[in-house]
Each structure stands twice: as structure tokens, then as C-alpha cells.
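Q: Sequence and predicted model, in that order:
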Amino acid sequence: MIIGYVIGSATTQEALMLAEKPVRLGNYVILEYDNIKALGLITNVTRGSSMLDDDMNDIEIVQRLKKFNNSIPFFIKAKIKLLCNFNNNCLMPDLPPAAGTPVREATEDELKSVYSNGNIRIGTLVGTKVEVKLNINALARHLAILAATGSGKSNTVAVLSQRISELGGSTVIFDYHGEYYDSDIRNLNNIEPKLNPLHLTPREFATLLEIRENASIQFRILRRAFVKFKENITKKIQEGQISLSKLNDDFSKIIEDYIKEEGKGERRENPTEEVLNKLEEFIDRYSSVIDLTAPDVIERIRRGKVNVVNLSHLDEDSMDAVVAHYLRRILDSRKEYFRKKNNGLRFPLICIIEEAHVFLSKNENTLTKYWASRIAREGRKFGVGLTIVSQRPKGLDENILSQMTNKIILKIVEPTDKKYVLESSDNLSEDLAEQLSSLDVGEAIIIGKIVKLPAIVKIDKFEGKLLGSDPDMLSEWRKAEEEESTAMEFLNFGSGEM
Ligand SMILES: Nc1ncnc2c1ncn2[C@@H]1O[C@H](COP(=O)(O)OP(=O)(O)OP(=O)(O)O)[C@@H](O)[C@H]1O
């Protein structure tokens, strides 16, 4: 059914339509001309009247015209972004539509042929029942899930990771808030962030203690002490001279002695004192993270599961050390598997970093940023995909963001965030970026190799509990009130005041 006609001058990217009746933003349309069958997306709608135009200043004329309701001529114009030519393998049309070309709504079958061929359902095209299925293999080219807070990032991560696991795929989520750890996601494998120092690099251990590489004397003392500690302990373990559980109890004392030993060689005492203070502070707060009996982190990641590393009880430096350690071991282990088939991590893995702007900040060189950059550059070849999730896109390192070939962008209102996302995405056009502020919760623009063409999608709602879900405060207040009155009755009953 024809809904309008092309007017004015058109290009192979864009056309303007004069509509016969109101059309909606995000509708998909078809234009057939010169042996081209073009699929288009309505990216802008304007409604006006040549009689009541911007120069109208007399309200009485409007009131009189309103009395003859149907006498006011009006127009509806819609900007159409041309997406592909069905008659040429969905490549871009190579000829613009002429003025007068009829425009009709795309049928569900036509839309299914473009958006429903992937292998993992993520939702439906906005305003339709057409399933959008993503090409899961394209996740090896990395993904950014970006949105203002409360727009549906966690819901998207939960839906995506659960459905990947249901296909036998594997993800590991670095769970900043602990919202996935206590969730109803199926195939969950919860991992407490235990680190075995014998598997850590000196830099990772220094990061745990919040000793930066630019604190060169402190870092030197700690690095030398840590290397000696690892060498001697590994040798004693191989000779069966030491019990690991006893080592756990004495860990801080042992490492402290190595640090003091290394400090003797220094001209000034206070760098050594500083290192010992940081060690003591770390052990006071996070001794539970250090576990010399813990297996290598690779052994704790399960195939076909949503592996969740709960970071929520750590501070950001310790989180950085944990995430960096996992990323390094995952990349190294996949490389090892590719070198010698009987060793290393045997299956591809998608690493999902929540609150990515904390770890991959453009203003700070964290350890995680180094390893995430390595995975962004090399991971695809070894089946290690990176997914970064952030509500502060402009805080993200632009090199890493620009390597996220795929993007699921939910509502973003902040202009500098929108601009930053646009500049870091060579496959996001301005007219699509303009839609971002008008998206509803759970609606997203999806671009990249995970979809055949850019899509405006209503993401499926995660059917289960996530910590991040909006709290039902009213029922929680009522529940608290009932519990208080029950406790009060119990107390009064106990004191015989009933
Ligand atoms: N696709 C969706 N359909 C329906 N409701 C949704 C959808 N996505 C999210 N919501 C709802 O919106 C609220 C916020 O969702 P979510 O926690 O996923 O947002 P977020 O962007 O992760 O927020 P935050 O930045 O605070 O983590 C929740 O109540 C959730 O149930």
C-alpha cells in the first residue's frame, strides 16, 4: 500500500517523501525504481501546513479556519535513509530514486529476509513483530553496549549472555555491581575473584597493592621481592617441602620478609616502608582475594556458561588487577591452545566488562586497559571477543571504542556522549545518531557485522531478577512496615503487654 511519494532531489543515501498519512519514525519502507528495490528507514518526520506556516501571526484566522475543520491543508514529510537494494544482494542502491517514486511500507517477510537470519534473537524491530537475530560469530569483532543510566544495558547483557550460553557459547562477565552474580540468568557459573599469586605477574601484584609503575623505586623493590618469592616458593612446592594452606596463612609475613630483604639494597628506607604499608593495607582489606591454593583462573571458566566474576566487594584498583589478570590469562591461554591443541582454553570466549569507563578510561593507563587493547587488536584471531558496557561513552578510550565494530546503543541524551559515539563509529550515520535521544527504555540502534543492516530494535526484556532492575519501593516499604509491626507484637507478647 502506497504511503507517499519521493519529492525534491534524492541521493543514493537519502530521499524525502511527501506522505499521504502520518508515518512513524523508525518505520521501514520500500522504493521500487529503475530495477532497484530499495529498503529505507524513516529517520525524520515533519508535519506542517502551507496555510498555517511560521509566518502566521493572527490567532483569529486560525480560530475561524478551525471552525471549518477540514479546510486547513497540511503536509507530512519524512526523511528516508536508504539501506540496501534487494535486487543487488542488499548492497547500497547505485542510483537515487526520482521525484514521484512511490513509497510503500515494507512487508514483514521483506524485513525478516534482512533481520531474522542470524542465530541469536535479541528482540524485534521497533513497531513490528519482526524478530531481530544477531550473527553471533561477529561478536569476535567486539561489541560496545552504550546507554544513559537506566536505559537497559544490564538487561541487554543478561539477555545476550544467557542466549549465547543456550547456544553452547561462553561468556565471562566482570560484574562491577554484583548484579549478574545474584541474578536468575540460566547457565550461571559464579566465580569469586580469588587470585593465586603464583599465577600473577609482578605488575598485577603491584596493581593489587596500588603501586603504580611510575612509583619506580617502590615498584622495583616489590618486583624483585615478588619474583624471588615466586621462584623460591615454586621450587619448594615442586620439592614437596611446603603446605599450600599453611603458606596461605603465612603469605603476608613471607612476602614482607622478601620486601625487607630487597629494601636493604636501597639508599633510602621510606620506599620500602611505603611498600610494606601498602601490603599491610591490602592484606587488611582483601586477604580473601589472595589464595595460593586457588586454581588458575582459566580452570574456573566453564564452557556454555555465563561465567560471572563478582567484583562488587573490591575497590577499583583491586578490580583492575583482577580483570587485567583474567584478560591476560584468557588471551595467553587461547594463544596456547592455537599453538598446541592439547593445552590452553579450548573454546572461544566473550569477555564482558561492565562500567567499562572505569577500567578503560581515556585519561588513565590501567592494567585492564592494556590487556583490553591487546584483545581488541588480537582477540578476533584467537576467538576472544570483547564486549564493553558503559553509560559514559565519552569517558572511554577512543582507540578501544573505535575497535568495537559492533554497537548496541540504547537511549543517549547527552550531546557530547552522542558526538563521541558518532565520531568513534564509522558505521553510525548522523541521522541514526539523531534517533538516540528519542529511544525508549529497552530500545536500541544496532549497527555492525552482528546485523545485516542498521536496525532500531526493541530488546527483549530479561525474564528474571537482576539487581539493577528498578526497585519496587512501595512494596519494599510495606514489607518493612509489616516486619516492624510483627517484631513489635513479638516484643509486646514477650513482655506480657498484649
Ligand atoms: N528491553 C527492556 N524491556 C523492558 N524493560 C526494560 C528493558 N531493558 C531494561 N528495562 C527496565 O529498565 C530498568 C533499567 O534497566 P537496566 O538496569 O538494564 O538499565 P541500565 O542501563 O543497566 O541501568 P544502570 O546504568 O543503572 O545499570 C529496569 O527496571 C529494567 O527492567
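A: Nice, thanks for sending it over.
Q: Going by C-alpha atoms from here, please, whenever you check contacts or count neighbours.
A: Fine.
Q: domains of this structure?
A: The chain is divided into the following domains under automatic domain parsing: 2-106, 131-194+299-459, 197-286.
Q: now for whichever strand or helix holds Val6, which elements pack on it?
A: Per DSSP states H and E, Val6 falls inside strand 2-7. In terms of contacts (3 or more CA pairs under 8 Å, 6 or more residues apart in numbering; DSSP states H and E), strand 2-7 is packed against strand 14-19, strand 102-105.
Q: Quick check: which of those strands is buried the most?
A: strand 14-19 (a mean of 22; mean count of other CA atoms under 10 Å).
Q: Run the chain-centre distance for the helix or strand following it.
A: With elements assigned by DSSP H and E, the helix or strand that comes after strand 14-19 is strand 28-33. Per CA atoms, centre = their mean, to the nearest Å, the displacement of strand 28-33 from the mean C-alpha position of its chain is 34 Å.
Q: For the residue nearest the centre of the chain, which residues count as its bridge partners?
A: Relative to the mean C-alpha position of the chain, the nearest C-alpha, by CA atoms, centre = their mean, is the one of Val389, at 2.4 Å. Following DSSP bridges, Val389 is listed with bridge partners Ile145.
Q: Quick check: mean pLDDT of whatever helix or strand Asn492 lives in?
A: Per DSSP H and E, Asn492 falls inside helix 473-494. Mean pLDDT, helix 473-494: 84.
Q: same deal with stretch 117-136?
A: Computed over stretch 117-136, the average pLDDT equals 95.
Q: same deal with stretch 68-76?
A: pLDDT averaged over stretch 68-76 gives 78.
Q: Please renumber the chain so that the first residue is 7 from this point on.
A: Noted, 7 is the first residue going forward, which turns the last one into stretch 74-82.
Q: Looking at the domains of the chain, which is nearest to the ligand?
A: domain 137-200+305-465 (3.3 Å; CA to the nearest ligand atom).
Q: can you give me the end-to-end distance of that closest one?
A: One end of domain 137-200+305-465 to the other measures 10 Å (CA to CA, to the nearest Å).
Q: quick one, what contacts Ile451?
A: When contacts are counted by CA atoms under 8 Å, 6 or more residues apart in numbering, Ile451 touches 413-416, 438, 442, 460-463.
Q: from those residues, which ones fall inside helices?
A: Counting by DSSP state H, the contacts of Ile451 place Leu438 in helices.
Q: Which one of the contacts of Ile451 is nearest to Val132?
A: Distance to Val132 across the contacts of Ile451 (CA to CA) is lowest for Val463, with 5.0 Å.
Q: Next, Asn316: phi, psi?
A: Main-chain torsions, Asn316, degrees, to the nearest 10: phi -80, psi 110.
Q: Can you give me the neighbour number for it?
A: Number of residues near Asn316 (other CA atoms under 10 Å) recorded here: 22.
Q: Around the ligand, pick out the residues from the stretch 57-206 of the chain.
A: 155-161 (CA under 6 Å from any ligand atom).
Q: now those residues: which count as buried?
A: Listed as buried from those are 156-161; burial here means 16 or more other CA atoms under 10 Å.
Q: what's the host helix or strand of Leu337 packed up against?
A: Assigned by DSSP H and E, Leu337 falls within helix 322-345. Applying 3+ CA pairs under 8 Å, 6+ apart, one finds that helix 322-345 makes contact with helix 208-214, helix 373-384, strand 390-396.
Q: Just the endpoints, please. Distance across stretch 10-23?
A: This stretch, stretch 10-23, spans 6 Å end to end (CA to CA).
Q: May I ask you to confirm that Val314 is in contact with Arg192?
A: No - contact criterion CA atoms under 8 Å: Val314 and Arg192 do not qualify, at 11.7 Å.
Q: Neighbour count for those two, which is higher?
A: A count of neighbours by other CA under 10 Å puts Val314 above the other of Val314 and Arg192, at 24 against 16.
Q: contact partners of the helix or strand hosting the more buried one?
A: In the assignment (DSSP H and E), Val314 maps to strand 312-316. Residues from elsewhere that reach strand 312-316 (CA under 8 Å, 6+ apart): 167-168, 171, 176-184, 186-187, 191-199, 307.
Q: Give me the mean pLDDT for that strand.
A: pLDDT averaged over strand 312-316 gives 96.
Q: nearest residue to Arg306 other than its sequence neighbours?
A: Ile197 (7.2 Å; CA to CA, 6 or more residues apart in numbering).
Q: brain fart, Glu286
A: Per CA to CA, 6+ apart, closest to Glu286 is Ser258, 7.8 Å.
Q: ok, the one you found to Leu204 distance?
A: 14 Å.
Q: Helices of the stretch 107-256 of the chain, start to end?
A: 114-121, 159-172, 208-214, 222-244, 250-269 (DSSP state H, counting those that start in this stretch).
Q: Pull out the buried positions in stretch 400-412.
A: 400-404, 406-412.
Q: Kindly report the same for stretch 316-324.
A: For stretch 316-324, using 16+ other CA under 10 Å, the buried residues are 316-318, 320, 322-324.
Q: could you check whether that stretch is close to the ligand?
A: No - on the criterion CA under 6 Å from any ligand atom, stretch 316-324 is out of touch with the ligand, staying 13.3 Å away.
Q: Endpoint to endpoint, that stretch covers what distance?
A: Stretch 316-324: ends 12 Å apart by CA to CA.
Q: Same question for stretch 29-48.
A: Stretch 29-48: ends 8 Å apart by CA to CA.
Q: For it, buried residues please.
A: In stretch 29-48, the ones that count as buried by 16+ other CA under 10 Å are 29, 31-38, 42-48.
Q: now it: mean pLDDT?
A: For stretch 29-48, the mean per-residue pLDDT is 94.
Q: what's that stretch in contact with?
A: Contacts of stretch 29-48 (CA under 8 Å, 6+ apart): 49-51, 82, 84-94, 99, 103-104, 107-112, 132-133, 462.
Q: are any of those residues buried, and which?
A: Looks like those have 49-51, 82, 84-92, 99, 103-104, 107-112, 132, 462 buried, using 16+ other CA under 10 Å.
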